[in-house]
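Visitor: Sequence first, predicted model second:
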Amino acid sequence: GEDVEQSLFLSVREGDSSVINCTYTDSSSTYLYWYKQEPGAGLQLLTYIFSNMDMKQDQRLTVLLNKKDKHLSLRIADTQTGDSAIYFCAERQNTGNQFYFGTGTSLTVIP
Amino acid sequence: GAVVSQHPSWVICKSGTSVKIECRSLDFQATTMFWYRQFPKQSLMLMATSNEGSKATYEQGVEKDKFLINHASLTLSTLTVTSAHPEDSSFYICSARERRQNTNNQPQHFGDGTRLSIL
């Protein structure tokens, strides 16, 4: 499968911004997604970006895509304690069904 | 938004028992559903792709006779763990692909997962 890498842990103080990074290897990726997983639960789709876009903003979430470097990031503004969770990036090719998930980043928000 | 219901959420049973997990798309039709397995503090591992009306496609290393998948309708896929043993204990998550008109964006929507514990 494709390699999708994330740093494992991130800690931020409440009210600060969080930036979660993701790198991938497949240059034919068409859609890239961010999912949130709270303890003992499934994955919740947060946002996505199409590969011909550089940036997408959705309320407190900003997604940046550097296609040349195959680097994706998720910025959470004004991080709250409820944002503590594991965040997965995922990429999908246009022609395939399969999603390739990153290793997940565990975000801890310190009050 | 699109909702996927997974049932049961938690199962504890004896070794040798077969366990069935259901995955339903509640407000959209899903011709393709996916079954994942997740170990503690790890990412999702795709086990198989379930296609409505046809046989599932299993990933390498996943025993199809052990993990039986049935996708009998556009809104329901089931995973049966046959003769479960303690090493099958894990968190199993299903997802359903939402087909959208006039776009290639077809996100996966996930169930809340089933925690399977085999004694």
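Guide: That came in fine, so what should we check first? Numbering: from 1, shown residues only, chains lettered A, B, ... in the order given.

Visitor: For stretch B:72-79, measure first residue to last.
Guide: Across its full length, stretch B:72-79 reaches 12 Å between end residues, using CA to CA, to the nearest Å.

Visitor: roughly how far is that stretch from the heart of the chain?
Guide: Taking CA atoms, centre = their mean, to the nearest Å, the mean C-alpha location of stretch B:72-79 is offset from the chain mean by 10 Å.

Visitor: and the residue of chain B found nearest chain A, how many neighbours does it have?
Guide: Going by CB to the nearest CB, chain A is nearest to residue B:110 of chain B, at 3.9 Å. Heads up, the C-betas are built off the backbone N, CA and C, glycines and all. Residue B:110: 24 surrounding residues under other CB atoms under 10 Å in any protein chain shown.

Visitor: so it sits right up against residue B:4, yeah?
Guide: Yes. Residue B:110 is in contact with residue B:4 according to CB atoms under 8 Å; the separation is 6.1 Å.

Visitor: Between the two, which contacts overlap?
Guide: With CB atoms under 8 Å, 6 or more residues apart in numbering or on different chains applied, the overlap between the contact sets of residue B:110 and residue B:4 consists of A:42, B:94-95.

Visitor: all strands for chain A, in order.
Guide: For chain A, the strands defined by DSSP state E cover A:4-6, A:9-13, A:18-24, A:29-37, A:43-50, A:55-58, A:61-66, A:71-76, A:85-93, A:99-101, A:105-110.

Visitor: Quick check: which ranges of chain A have low pLDDT?
Guide: A:1-2, A:29, A:94-97 (pLDDT under 70).

Visitor: Give me every residue in chain A lying close to chain B.
Guide: Residues of chain A lying close to chain B by CB under 8 Å from any CB of the partner chain are A:30-31, A:33, A:35, A:40-45, A:48, A:50, A:88, A:90, A:92, A:94, A:97-99, A:101-104, A:106.
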